[in-house]
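Novice: Here is the input, now give the coordinates:
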Amino acid sequence: MVVFPGCKINLGLRILNKRNDGYHNLETIFYPVPFTDALEIISSSNSEPIIFSNSGLAVDGDSKDNICMKAYWLLKKDFPQLPSITMHLHKCIPMGAGLGGGSADAAFSLRLLNQLFHLQISTEKLIDYAAQLGSDCAFFILNKPCLATGRGEILHPIALNLSGYTLALVNPGIHVNTGAAFAALKLHKLDGESSQVASLTAIMQQPISSWKHTLINDFEEPVSQNWPVIKEIKEKLYSMGAVFAAMSGSGSTVFGLFDQQLPGDKTDIFPFFTRFIQL
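Specialist: As a prediction, the model looks like this:
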């Protein structure tokens, strides 16, 4: 069986404070994007519990450490009846790009294993498993617009529909060290989580054209100081007519939302990885 894990953009991202467990409390809007990898899982008669392979974009590190394999082993602990499988991942989404492609692969692995082998795991439990694999992973169990709080695993579905907009994704190929990005932040003082949640959801009710002045990614300024090309891409997207543009996650992908059809061939606008997607 084959599934197609997508990616996400962050509409606003506020890092509120550092927690005792070393993570940070944050608030953001996750929005799913139909730009996908491909993941196949089939039952196997091999003696090894799992045989993993990949194609497409090169994946760094040992395949034994791939997050999809971690998803299998996480379920195997609680469901020892899981049979041997063959898993293949074809990567199209850039890694370390602020798009959550790896997190989506892990979440879709959990979902597919649950479906394929009739494990009857509830959505709530799948979210719990996903959160153990990574802070963004839980979102891809729901895979619908959500306000995320906590470290990103506490999800509140919201009514937000960007259908009809064209989304530009531009990735300059810069790997942003997440730890260094966090170290450069000026953290907000949390004055009651409920008021912070309300402020972000209130922004979502405003016209998208106003987001340029109100919807902020806290990582964007420090990352842009180290890599000015981030700011240059954002400015270029606005000059092309984007109604809103921002960096996603801790970077380095920059996205733009367009409410009109973009004319002509767009493939050579940026000398970087670029995709234009109809939402």
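Novice: For the rest of this, base every contact and every neighbour count on C-alpha atoms.
Specialist: Noted.
Novice: low pLDDT regions in the stretch 51-200 of the chain?
Specialist: Confidence mapping of the stretch 51-200 of the chain against pLDDT under 70 gives the ranges 180, 186-198.
Novice: how about the helices in it?
Specialist: Assigned helices in the stretch 51-200 of the chain, in chain order: 67-78, 101-116, 123-133, 139-142, 178-183, 193-204 (criterion: DSSP state H, counting those that start in this stretch).
Novice: now these in TSV, with distance to Tyr238 and mean neighbour count?
Specialist: Output for those, formatted as TSV (distance: least, CA to CA, whole Å; neighbours: other CA atoms under 10 Å):
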stretch	distance to Tyr238	mean neighbour count
helix 67-78	36	17
helix 101-116	25	23
helix 123-133	35	18
helix 139-142	29	24
helix 178-183	24	14
helix 193-204	20	14
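Novice: Run a quick neighbour tally on Thr214.
Specialist: Neighbourhood size, Thr214 [other CA atoms under 10 Å]: 12.
Novice: Surely it touches Ile203?
Specialist: Yes - under the criterion of CA atoms under 8 Å, Thr214 is in contact with Ile203, at a separation of 7.1 Å.
Novice: how far away is Ala202 from Ile15?
Specialist: Here Ala202 is placed at a distance of 18 Å from Ile15 (CA to CA, to the nearest Å).
Novice: State the pLDDT value of the residue nearest to Gly150 when sequence neighbours are not counted.
Specialist: What sits nearest to Gly150 in space, not counting adjacent residues and going by CA to CA, 6 or more residues apart in numbering, is Asn25, at 4.8 Å. Confidence per residue is given as pLDDT, and for Asn25 that number is 87.
Novice: thinking again about what came up before, tell me which of the helices of the stretch 51-200 of the chain lies nearest to Ser239.
Specialist: The minimum distance between Ser239 and the helices of the stretch 51-200 of the chain falls on helix 193-204, with 23.2 Å, by CA to CA.
Novice: how distant is stretch 239-258 from the center of its chain?
Specialist: 14 Å (CA atoms, centre = their mean, to the nearest Å).
Novice: Go through stretch 226-233 and flag the buried ones.
Specialist: For stretch 226-233, the neighbour count (16 or more other CA atoms under 10 Å) marks 230-231, 233 as buried.
Novice: Tell me which of those fall in helices.
Specialist: When DSSP state H is applied, those are split such that 230-231, 233 fall in helices.
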